[in-house]
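Chemist: Below are the sequence and a predicted model; questions follow.
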Amino acid sequence: MTYTWLYAVAPADTGAPPPDTPGGVAGEHPRTVGAGGLLAVVGSVPGPDFDADALQRRLRDPQWLEPAVRAHHRVVSATAGRALPVRFGTVYRDDDRVRALLTAHADGFRTALARVADRTEWGVKAHLDKARLDQARTEAEAATGTGGPPDDDRPGTAYLLRRRAARDRDTRDLADAAARARQVHLALTGLADHSTEHPPQPPEATGVRDPMLLNGAYLVHRSREAGFARAVRDLREQHAPVLRLELTGPWPPYSFVDLPSGDGAP
C-alpha cells in the first residue's frame with residue numbers, strides 16, 4: 001500500500017520530471033498526475049510510514065525531518081519557475097484524491113500560477129547588530145573623549161548609574177533598530193511584486209543572540225533579481241552598524257502560495 005506525497009502543482013504542458021530529478025522524501029522518483037488542465041508533481045511513499053500517525057512521529061524526529069525537508073525542496077526546485085510549491089508534509093491517500101483536488105480547484109491553481117510565474121522568493125532577515133554598534137560607539141567616544149555617566153563618589157552609585165545608562169542605551173538601540181527594520185521592509189516591498197512578513201525567529205532557532213527584527217519574504221520577477229540584491233546591499237550599508245541584514249534566495253515561492261487542502265489526506 002502506498003500514499004501520494006504532493007510536491008508541486010504545475011501547468012499541464014510542464015511535462016514529467018526529467019530522469020535526473022532528485023529522489024523524493026522516501027527515495028522515490030517523482031512523477032506527475034494530471035487533471036483539470038494541470039499536473040501535480042507527486043511521489044509514491046509507503047503507507048505504513050506515512051499515514052497520519054506515522055507522519056506525525058516522523059515530523060518530531062530531527063534525524064528524519066532534516067534530510068526529508070531537503071529532499072522535498074530539491075524536487076520542488078527542479079520544477080521551480082513554472083510550479084506552485086506545496087507545503088512539506090502534504091499527503092493524499094491515492095492519486096485519485098490528487099486528481100479530485102486539481103479538478104475542484106483548477107481556477108484557483110491557475111490564478112496562483114499566474115501570480116508566481118517567472119518569479120522567485122527572496123528572504124531578508126534583520127538583526128540588531130549589538131557588537132558592531134557597541135564597537136562603533138566606543139570608538140566614537142574614545143575619539144571625542146565623551147561617554148559614560150557622570151562621576152559620583154558615593155559607594156555603589158557609579159555602578160548603578162552605569163547600569164541604568166546601559167539599560168537606557170539598549171532600549172534606545174532596540175527602538176532605533178526596529179524603526180530601521182521597518183524602513184528596510186517598506187523599501188524592499190516597493191521593489192517586489194508581493195511581500196509578507198513571517199514571525200521573527202527566536203535565538204534558539206537561529207543561533208544568533210541578537211534579536212531578529214525582520215523576517216521578510218519578497219516575490220521578485222527574475223528580471224529584477226539583480227536589482228533587488230543590489231538594493232539589499234545598499235540598505236545593509238545604509239543601516240550599519242545598527243542592523244545586520246541577511247539575504248537568502250532565490251527560493252521557490254513557498255510564502256506566496258496558499259494551496260487548498262483536499263479531503264484525501266490519509
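Modeler: Great, that's in hand.
Chemist: T248: how many residues sit nearby?
Modeler: Other residues near T248 come to 11 when the count uses other C-beta atoms under 10 Å. C-beta coordinates here come from the backbone N, C-alpha and C atoms, glycine included.
Chemist: tell me the SS of the spatially closest residue to it that is not a sequence neighbour?
Modeler: Spatial nearest neighbour of T248, excluding adjacent residues (C-beta to C-beta, 6 or more residues apart in numbering): G123 at 4.3 Å. Going by DSSP: H, G, I helix; E, B strand; the rest coil, the secondary structure assigned to G123 is strand.
Chemist: Report the beta-bridge partner residues of G123.
Modeler: A217, T248 (DSSP bridges).
Chemist: buried ones in stretch 17-26?
Modeler: By neighbour count with 16 or more other C-beta atoms under 10 Å, stretch 17-26 contains the buried residues 17, 21-22, 24-26.
Chemist: Now V69. Its backbone dihedrals?
Modeler: phi -60, psi -40 (degrees, to the nearest 10).
Chemist: go on, F88?
Modeler: phi -60, psi 140.
Chemist: What is the burial count for it?
Modeler: 17.
Chemist: which element follows the host helix or strand of Y3 toward the C-terminus?
Modeler: For Y3, the enclosing helix or strand under DSSP states H and E is strand 2-11. Using DSSP H and E, the helix or strand that follows strand 2-11 in sequence is strand 31-35.
Chemist: For that following strand, name the packing helices and strands.
Modeler: Where contact means 3 or more C-beta pairs under 8 Å, 6 or more residues apart in numbering; DSSP states H and E, strand 31-35 is packed against strand 38-46, helix 95-104.
Chemist: what mean pLDDT does it have?
Modeler: Mean pLDDT, computed over strand 31-35, is 93.
Chemist: how far off strand 2-11 does it point, in degrees?
Modeler: 70 degrees (axes from the mean of the first three to the mean of the last three C-alpha atoms, to 10 degrees).
Chemist: gap between strand 31-35 and the chain center?
Modeler: 27 Å (C-alpha atoms, centre = their mean, to the nearest Å).
Chemist: what about the strands in the stretch 51-200 of the chain?
Modeler: Secondary structure of the stretch 51-200 of the chain by DSSP state E, counting those that start in this stretch: the strands cover 84-85, 91-92, 119-128, 194-197.
Chemist: so which of those strands comes closest to D53?
Modeler: strand 91-92 (12.1 Å; C-beta to C-beta).
Chemist: And that closest one, what does it pack against?
Modeler: strand 2-11.
Chemist: Surely R97 is in contact with Y3?
Modeler: No. Assessed by C-beta atoms under 8 Å, R97 is found out of contact with Y3, at 9.4 Å.
Chemist: More neighbours: which of these two?
Modeler: Y3 (25 against 19).
Chemist: Quick check: bridge partners of the more buried one?
Modeler: Counting by DSSP bridges, the residues bridging with Y3 are V45.
Chemist: what's near enough to touch it?
Modeler: 44-47, 50-51, 91-94, 266 (C-beta atoms under 8 Å, 6 or more residues apart in numbering).
Chemist: circling back to that earlier point, how far away is the residue nearest to T248 from R209?
Modeler: 20 Å (C-beta to C-beta, to the nearest Å).
Chemist: Show me which of the two is the more surrounded one.
Modeler: G123 (18 against 10).
Chemist: can you give me the mean pLDDT across stretch 50-61?
Modeler: The model assigns stretch 50-61 a mean pLDDT of 92.
Chemist: Can I get that stretch in PDB, CA atoms only?
Modeler: The C-alpha coordinates for stretch 50-61 follow below in PDB (Å, rounded to 0.1, in the frame of the first residue of the first chain):
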ATOM      1  CA  PHE A  50       3.300   7.900   6.000                       C
ATOM      2  CA  ASP A  51      -0.200   7.500   7.500                       C
ATOM      3  CA  ALA A  52      -1.300  10.300   9.800                       C
ATOM      4  CA  ASP A  53       0.100   8.800  13.000                       C
ATOM      5  CA  ALA A  54       3.400   7.700  11.500                       C
ATOM      6  CA  LEU A  55       3.900  11.100   9.700                       C
ATOM      7  CA  GLN A  56       3.400  13.000  13.000                       C
ATOM      8  CA  ARG A  57       6.000  10.800  14.600                       C
ATOM      9  CA  ARG A  58       8.400  11.500  11.800                       C
ATOM     10  CA  LEU A  59       7.800  15.200  12.000                       C
ATOM     11  CA  ARG A  60       9.100  15.100  15.500                       C
ATOM     12  CA  ASP A  61      12.200  13.200  14.600                       C
END
